[in-house]
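In: 3D model of this:
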Amino acid sequence: MQQMKRLLVVYVALQALFALSWCFSDAEPGPAAGSQSNGDRFKIEGRAIVPGVKTQDWISTARILVEGEEYVGFLKTDGSFAVNDVPSGSYVVEIVSPSFRFDPVRVDITSKGKMRARLVNYIKTSEVIRQPYPLQIRSSGPHTYFMKRETWGWTDFLMNPMVMMMVLPLLIIVLLPKVVNTNDPEMRKEMEQSMNMLNPNPELPDVSEFMTKLFSKGSSKSSGGNKGSRSVAPKRSDTMCTSRPAQGGDVDPNSVSYTYLK
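Out: Numbering: from 1, shown residues only. As a prediction, this is how the structure comes out:
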């Protein structure tokens, strides 16, 4: 009887130990650990670098995420980190910080513990840019949560389409007579024809007429200068020469003809 009681006590103790071991065991292993429940675990190491900024100013809010939030790590005071108990596989390592941006890195771990790292490019997935291991992840700059307000400049004013539409025609009107020989009739005719082609609407003012007036002003100025250089002609002397009396002997003032000689 005593032996039976001892066996019963041993059986109950074994059942209790089995229940305790089952409670403290990992009931939901990860996808990579499930295939390697008896395999080796590895450690992902690296360092986060922010140029020109002290590490103590930003590491308190930063986290190391491996494959989303499957494995989480923290940064040390010198910027280094280590994520332990990671099985072999391919993982995306990200440094999440509210102040600075970091490019994600993919780390491939072989079954023998060999590490290989490369940058993650979601646009060009076939592009492979190798990274050293242990990881050296540099910040690509601070986060910009707000758009910078645009400032006014002279270039914005000059490149405004409305200003260009007003200024360019004025420049053409002012500079074209000085560049083109306005005294050449063939050139003037060609320009009038080309301007008429650009003015198909009859309700609008005739461009050829405007160009003719514009060129005539230039030619009149040049001709006026030439006339001013000539000598002044002598004044004419008007003299009444003859008079023709009407029939009957009396002189009719309406029938008198006057002849002027220069």
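
In: Just give the number of residues close to Phe100.
Out: Using other C-beta atoms under 10 Å, Phe100 has 19 other residues around it. Quick note: C-beta positions are derived from backbone N, CA and C, even for glycine.

In: That one bridge partners, please.
Out: As for beta bridges, Phe100 partners with Pro142 under DSSP bridges.

In: That one and Ile59 touch, don't they?
Out: No. Taking contacts as C-beta atoms under 8 Å, Phe100 lies outside contact range of Ile59: 10.6 Å.

In: In three-state terms, label Ile64 for me.
Out: Recorded secondary structure, Ile64: strand (DSSP: H, G, I helix; E, B strand; the rest coil).

In: Tell me which stretches of this structure form helices.
Out: Taking DSSP state H, the helices of the chain run over residues 2-24, 31-34, 154-158, 161-179, 185-197, 207-229.

In: Going by mean pLDDT, which of the ones you listed comes out lowest?
Out: Of all the helices of the chain, the minimum mean pLDDT falls on helix 31-34 (a mean of 36).

In: Please name the residues that touch Gly141.
Out: Contact analysis of Gly141 by C-beta atoms under 8 Å, 6 or more residues apart in numbering lists Phe100, Arg101.

In: going forward can the numbers begin at 14, since that is how I track them
Out: All right, first residue 14 from here; so that's Gly154.

In: how close does it get to Val109?
Out: As defined by C-beta to C-beta, to the nearest Å, Gly154 lies at a distance of 15 Å from Val109.

In: and what of Ala61?
Out: 11 Å.

In: So for those two, which sits in the more crowded spot?
Out: Taking other C-beta under 10 Å, Ala61 and Val109 do not tie; Ala61 has more neighbours (24 against 15).

In: That one pairs with what?
Out: For Ala61, the beta-bridge partners are Ile150 (DSSP bridges).

In: Touching, it and Thr90? I think so.
Out: No. Applying C-beta under 8 Å as the test, Ala61 and Thr90 come out as separate, 11.8 Å apart.

In: what is in contact with the two at once?
Out: Common neighbours of Ala61 and Thr90 (C-beta under 8 Å, 6+ apart) are Ile72.

In: how many neighbours does the nearest residue to Pro111 once chain neighbours are set aside have?
Out: Residue nearest to Pro111 in three dimensions, not counting chain neighbours: Thr74, with 5.6 Å by C-beta to C-beta, 6 or more residues apart in numbering. Around Thr74 there are 12 other residues, counting by other C-beta under 10 Å.

In: One more: Ser152?
Out: 19.

In: Might you report the residue contacts of it?
Out: Ala61, Ile62, Val63, Pro64, Phe113, Arg114, Phe115.
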